[in-house]
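A.B. asks: have a look at this fold, sequence not included:
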């Protein structure tokens, strides 16, 4: 029997509904996700995102949008 995969996600809010204004929120969500995935004291935590499938969700909220980026843990073996 296979073990369930561990899920990681991070989100950030953008104060606009215009996709041209979402850069900072996307970068913040990706940074928060990298912080969860990278080994402690990692020199290059963003390397933990390279070649990893990511799921992006954009939801309307009162002031703009909420951007969520998620992934599952890499299976060992």
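C.D. replies: Perfect, thanks for sending it. The model shown is predicted, which means the values in this text are computed figures rather than measured ones. Residues are numbered from 1 along each chain as shown.
A.B. asks: what sits against the residue lying closest to residue 11 once chain neighbours are set aside?
C.D. replies: In this structure, residue 11 finds its nearest non-sequential neighbour in residue 68, 4.2 Å apart by C-beta to C-beta, 6 or more residues apart in numbering. Bear in mind the C-beta positions are built from the backbone N, C-alpha and C, glycine included. Residue 68 makes contacts with 9, 10, 11, 29, 56, 57, 58, 59, as judged by C-beta atoms under 8 Å, 6 or more residues apart in numbering.
A.B. asks: how about the nearest residue to the fifth one, chain neighbours excluded?
C.D. replies: Across the structure, with C-beta to C-beta, 6+ apart as the measure, the residue nearest residue 56 apart from its sequence neighbours is residue 69 (5.8 Å).
A.B. asks: same thing with the second one?
C.D. replies: In space, and not counting its chain neighbours, residue 10 is closest to residue 32: 3.4 Å by C-beta to C-beta, 6+ apart.
A.B. asks: so the residue nearest the centre of the chain bridges to which residues?
C.D. replies: Closest to where the C-alpha atoms of the chain average out (C-alpha atoms, centre = their mean) is residue 69, at 3.2 Å. In this structure, residue 69 has the following beta-bridge partners (DSSP bridges): residue 10, residue 56.
A.B. asks: surely it and residue 7 touch.
C.D. replies: No: using C-beta atoms under 8 Å, residue 69 is not in contact with residue 7; the gap is 11.6 Å.
A.B. asks: shared neighbours, those two?
C.D. replies: Common neighbours of residue 69 and residue 7, using C-beta under 8 Å, 6+ apart, do not exist here.
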